[in-house]
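Trainee: Quick one: sequence plus predicted model below, questions after.
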Amino acid sequence: MDIVLDRKELTKYPFLKESQQLASQHVESLEAFLASSAGNVALERAKERIIAALRFRRDFQDDAARGPGPELEIASYALARIIVSCIGDRTLIDRLARYESDRSSFFLASEEPEVRRFVALRLQIDPDARSMPVTDYVELVARLRDNRWRLVNRDVNRGVVGVEPGEIDELIRERIRTIVADNLPLRVPGGICETLAAVASEITALRQQQALEEFGEIREEAFPPCIASLLQALTAGTNLTHMGRFAITSFLHTIGMNIAQITEIFAQAPDFDPDMTIYQVEHISGRGGTEYTPPSCITMRTFGLCANRDKECERISHPLSYYRLKKSGAKKQV
């Protein structure tokens, strides 16, 4: 039996078609909405969502009760996706998607069975299933890192994969994350991004501050072997590949080096061109609207850039995680 969620219930699941239809009834045009008092309220709430995502806040208990009203609460979800698209920071996009996924999963866990089933089926997942087609399963777990999700570790029989009862909730959370992140960053008209520039700048500044606090003082001895090897090769006058240069630039930028410092490092390259180097470093660092993050360990291996692996590499999946781990260990030894 199908059910109909009321307006308050829809605020918990703003990615649903029904939620989007409810919010769109009150928004004739995005420009006019942003210029209205209601738009300002929704924009403030959108900023709250993004900041909560940045700070890894996971206290959702009061979210449903203290929101600005169902329509504006749902509109704030859409505005948050637009704002992070204007900023173009992939880390920010990923954090927002995980925040929204965790938020909806929190509410879903305490719903009546018929509501939970309704939402799950809207996500094309049967909450009572104990198996699912291989193609659906592979698509769902593509970004899940735990080895237990790998197909070789699953019970596969006649084209279906066995799923344990508690795993369905994890798969629902992952489905929500992919829906929120779908098509991000959006292609937002320049005029809209200009209207949102003040909020975007505030969030960008907070993100930068958080990154500096997170990584603190730059410690070269904590660099992962792959980045250290690339820097050593660059110092020796080796002509690095495009991906190698991208990995160095995005890594150094993320841990807090400025454009001048990074450019100075590339001055040791045999084909150093100051203007071209500054242009490329600025582009990777976000001057072009998108701030890039370093490649993961898998990507580094794919491009032949994973060199001199050590025991710490077995514990991480990203060069930044290695850097955090080593810095943390160094602090404890002081």
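Mentor: Here it is on my side, so go on.

Trainee: any low-confidence regions in the stretch 201-334 of the chain?
Mentor: Within the stretch 201-334 of the chain, the stretches with pLDDT under 70 are 211-215, 287-290, 330-334.

Trainee: likewise the stretch 51-200 of the chain?
Mentor: 63-67, 145.

Trainee: Helices of that one, residue ranges please.
Mentor: For the stretch 51-200 of the chain, applying DSSP state H, counting those that start in this stretch gives helices covering 63-66, 70-87, 90-108, 113-122, 134-141, 167-181, 190-195, 197-215.

Trainee: and those helices, which is most packed in?
Mentor: Highest mean neighbour count among these (mean count of other CB atoms under 10 Å): helix 70-87, with a mean of 25. Where you see a C-beta, it was placed from the backbone N, CA and C, and this is true even at glycine.

Trainee: what's the angle from that helix to helix 90-108?
Mentor: Between helix 70-87 and helix 90-108, the angle comes out at 160 degrees (axes from the mean of the first three to the mean of the last three CA atoms, to 10 degrees).

Trainee: For stretch 236-247, buried residues please.
Mentor: Neighbour-count burial for stretch 236-247 flags 240, 243-247 (criterion: 16 or more other CB atoms under 10 Å).

Trainee: From the chain's centroid, how far away is it?
Mentor: With CA atoms, centre = their mean, to the nearest Å as the basis, stretch 236-247 stands 27 Å off its chain's centre.

Trainee: Tabulate the CA atom coordinates of it in CSV.
Mentor: Provided in CSV are the C-alpha atoms of stretch 236-247 (Å, rounded to 0.1, in the frame of the first residue of the first chain):
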residue,chain,number,x,y,z
ALA,A,236,66.8,16.3,-9.7
GLY,A,237,65.6,18.0,-12.9
THR,A,238,63.3,15.2,-14.0
ASN,A,239,60.5,16.3,-16.4
LEU,A,240,57.3,15.1,-14.6
THR,A,241,54.1,14.0,-16.2
HIS,A,242,51.0,16.2,-16.1
MET,A,243,49.5,14.0,-13.4
GLY,A,244,52.7,14.1,-11.4
ARG,A,245,52.6,17.9,-11.4
PHE,A,246,48.9,18.0,-10.6
ALA,A,247,49.5,15.7,-7.6
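
Trainee: which residues are contacting it?
Mentor: The contact list for stretch 236-247, computed with CB atoms under 8 Å, 6 or more residues apart in numbering, reads 226-227, 230, 233-234, 248, 266, 268-271, 280, 284, 292, 294-295, 300, 303, 305, 319.

Trainee: repeat that with 7 Å
Mentor: 227, 230, 233-234, 268-271, 284, 294-295, 300, 303, 305 (CB atoms under 7 Å, 6 or more residues apart in numbering).

Trainee: and of the helices of the stretch 51-200 of the chain, who's closest to residue 57?
Mentor: Proximity to residue 57 (CB to CB) singles out helix 90-108 among the helices of the stretch 51-200 of the chain, at 7.6 Å.

Trainee: I figured residue 155 was touching residue 162, is that so?
Mentor: Yes: contact status for residue 155 versus residue 162: in contact at 3.7 Å, counting by CB atoms under 7 Å.
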